[in-house]
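S.K.: Have a look at this fold, sequence not included:
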DNA sequence: TATGAATGAGGTTTCATTCAT
DNA sequence: TATGAATGAAACCTCATTCAT
């Protein structure tokens, strides 16, 4: 009776995927709804059947994509017992993210800057950032409680760490030669060393 | 003939300043040439007399503005003898920059993402970044040579540090509550601690 | 087979009613087939099963509605013996119509003006107008034959009278304060006085 | 120095004229900005240089056109001494208007009905109507004061008269055979007779 | 019969750029 | 030099209509 159950979800996914491909390839402003229609193999009208506007489609696409990744990252962390171990893994995952999501940070910034209603547009990103920040803060504070790390204002530090990775994700867009793995490793090891309680090396 | 030169430069400066004001206020895409004409008190035609295109005007405006700052930063550093001291000062200057230049990183990213010829547009930023990177790398390597810092791949680390500050500059645009000073301080102290040779604290 | 007929007619009526509600509320162009689907509680596809096009649905809806009223009006007239009496009643009925049908004249005019095939669209209205005109002409000519009215070119006069009521129906749409009852009464009494044979007042 | 003084006004007039031609030919909704651009020999962009929107252009065009006529009509009236004489002239002028302005009433109704902001759109017409109404009311009340007409609620009567002419102007659009002159004459004479004080014929 | 997803032509508007003066 | 009128390509979005179930 309903062989078409989920057609709507499928279509939405199909459209968001096409949109993401176009957006990352050409940027938000340079991507036209026609581009997305062509990429998805659907008509422009259909795009508007599933999404209210270009803005709406963008937000949906970027959110779902980032959310997917977030879930995976958290799951992975569970298995690592020590705080430094967790941070190292997280760092590696973030590098992957930079490649997988290819410049989402820049993409979002473009969207945000171009949006006449920046306030609103910004919330989208703030929500995601805060969510991840909290996860990392918890790891560090746990490390502090365990005596692995020395007392530190974790919240502030995490903002800087996240900003570093977002910034690198952006850098790599126009500096493809940047060796993200090395950068990330040197960075995270320096930080871990800086966080370490004296005499303890992990 | 030569007195005219002054007029032309003045006009260019006048236009770039107006452009910068508009761009930072409304973003690259949302700023129209009409906006800039109105802000500068000149006519649209005049804008095109001094600048080839909107792209061109943007590049000129952002470059001159950032270059100004670069010179100042370097001059300041001279006076501080130790590497950690220099880094601390630099960090403080970078925070100021975030406020002064109000989200130039985001602005540039938007411009880059929106530009059909990204390659070209990216060069603008890469040049600036490399320039600053070299300065900071030199400081750190000096510290290593002095025995203040332990051996580290300075180049890689500096990319991460710069990315962090650029990222924070972007974050603060849509999270005005972010306390940049604290973030910067915790961040830089952790890094300095991580760089420090054992037993030595600065 | 025959029991189905009832269902079909019911559906048609249901749709026309919903259509009329939307059209009078928002005008012809501003009413979408989606609006009508929502108002009728049916799907858009169903609308097209019963009506060939938006044009078609409009014509059907407006015609059936006006036709209903026409029948009633004629029936009422029978009971009044004198020509002036009939005209007075007709005037009162026309005022009611203005309210009941809320600006059908304007609605039709919009439809007609928007229709790429005006010729065709116009016929719809001409047919209705001629039909009513003939009724009123007959009343006046009867009055003339009876000696109640002085000889007059009834046909021409009736066009003006009908135009007046249609025009008022339109006026009242954007001048809701217009007191239709008073306007109608002063108008009709002046006309009746103008038509009256000397010495006779009704 | 300014051979181009008045270029703006000239262009505006040129555009409004072209717009009016298109609007009366094809209706408001069926006229595209491309049509007007083609008709005026200008580019679409230029249309928007002089007028904020299609609505705006429509309002400007219709207002200026009707206003032109109004001035002429009033001037003509001065020369006729008696109230009936004035009304007869006015009637004749109104007939001319119907032809000259070819269905402005219908055009406006379409515009009004199609406008999402009807309130606002309606004001345009109300203002014009009230203006003319006052002129005619004044004529009739003068006639009453002179003893030419019997006491009557002039205001109400005039609304009906104006509605009749507007309605006729609309009728004639889809009934080109309607003999406006005769209709108008029979109508106005009947009204004048109805208004006349007993024993006086004009 | 009935649904609602899918279509795509076409509309209004914006805006970077040019050019006559 | 400077102006501002003029251009026109292109973008987003709507909506009457169709069609596979």
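M.R.: On my side now, so go ahead. For clarity, every value in this text was computed on a predicted model and none was experimentally measured. Residues are numbered from 1 along each chain as shown, chains lettered A, B, ... in the order given.
S.K.: Wondering if stretch A:18-29 reaches chain B at all.
M.R.: Yes. Using CB under 8 Å from any CB of the partner chain, stretch A:18-29 comes into contact with chain B via A:26, A:27, A:28, A:29. In this view, the C-beta of every residue, glycine as well, is placed from N, C-alpha and C.
S.K.: How about the last one, nearest residue that isn't a chain neighbour?
M.R.: Leaving out its chain neighbours, the residue that sits closest to residue A:29 by CB to CB, 6 or more residues apart in numbering or on different chains is residue B:114, at 4.4 Å.
S.K.: same thing with the first one?
M.R.: Take residue A:26 and drop its neighbours on the chain: the residue closest to it by CB to CB, 6+ apart is residue A:35, 7.1 Å away.
S.K.: The longest helix belonging to chain A near chain B at all?
M.R.: Scanning chain A for the longest helix, with DSSP state H as the assignment, gives helix A:118-146. Yes. Residues of helix A:118-146 are located near chain B by CB under 8 Å from any CB, namely A:118, A:122, A:125, A:126, A:129.
S.K.: could the residues you listed go into TSV alongside distance to residue C:73?
M.R.: Formatted as TSV, the residues of helix A:118-146 next to chain B follow (distance: CB to CB, whole Å):
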residue	distance to residue C:73
A:118	61
A:122	63
A:125	66
A:126	66
A:129	71
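S.K.: hmm, back to that, now do the residue nearest to residue A:26: how many residues are near it, please.
M.R.: As a burial measure, residue A:35 scores 17 neighbours (other CB atoms under 10 Å in any protein chain shown).
S.K.: how about low-confidence regions in chain A?
M.R.: The model of chain A has pLDDT under 70 over residues A:1-6, A:199-202.
S.K.: Could you find the closest non-adjacent residue to the spatially most central residue of chain A?
M.R.: Note on chain A: the residue nearest the mean C-alpha position is residue A:66, at 4.9 Å, using CA atoms, centre = their mean. In space, and not counting its chain neighbours, residue A:66 is closest to residue A:128: 5.6 Å by CB to CB, 6+ apart.
S.K.: What residues does chain A have near DNA strand F?
M.R.: Taking CB under 7 Å from any atom of the strand as the measure of proximity, chain A contacts DNA strand F at A:3, A:4, A:31, A:32, A:33, A:34, A:44, A:45, A:48, A:53, A:54, A:55.
S.K.: And the buried ones among the residues you listed, selectable in ChimeraX?
M.R.: Applying 16 or more other CB atoms under 10 Å in any protein chain shown to the residues of chain A next to DNA strand F, the buried members can be selected in ChimeraX as follows:
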select /A:31,33,54,55
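S.K.: between the residues of chain A next to DNA strand F, which is nearest DNA strand E?
M.R.: residue A:45 (1.9 Å; CB to the nearest atom of the strand).
S.K.: need the contact list for the closest one.
M.R.: Residue A:45 sits next to no residue when contact means CB atoms under 8 Å, 6 or more residues apart in numbering or on different chains.
S.K.: Which strand or helix spans it?
M.R.: helix A:44-50 (DSSP states H and E).
S.K.: now that helix: how far from the chain's centre is it?
M.R.: 27 Å (CA atoms, centre = their mean, to the nearest Å).
S.K.: ditto for stretch A:95-112
M.R.: 7 Å.
S.K.: what's residue A:34 sitting at in phi/psi?
M.R.: phi -60, psi -40 (degrees, to the nearest 10).
S.K.: quick one: the nearest residue to it once chain neighbours are set aside from chain D, how far?
M.R.: The spatial neighbour of residue A:34 that comes closest, neighbours along the chain excluded (CB to CB, 6+ apart), is residue A:44 at 6.4 Å. Distance of residue A:44 to chain D, given as CB to the nearest CB, to the nearest Å: 20 Å.
S.K.: Kindly report the same for residue A:117.
M.R.: Distance from residue A:117 to chain D, counting by CB to the nearest CB: 21 Å.
S.K.: before we move on, the earlier item: does the longest helix of chain A come close to DNA strand E?
M.R.: No. Contact of helix A:118-146 with DNA strand E (CB under 7 Å from any atom of the strand) is absent, the minimum separation being 15.0 Å.
S.K.: next one: stretch A:43-62
M.R.: Yes. Counting by CB under 7 Å from any atom of the strand, DNA strand E has neighbours in stretch A:43-62: A:43, A:44, A:45, A:46, A:48, A:49, A:50.
S.K.: Check whether the helix or strand hosting the residue nearest to residue A:26 comes near DNA strand E.
M.R.: Per DSSP H and E: residue A:35 is located in helix A:33-40. No. Helix A:33-40 lies apart from DNA strand E when judged by CB under 7 Å from any atom of the strand; the minimum separation is 7.7 Å.
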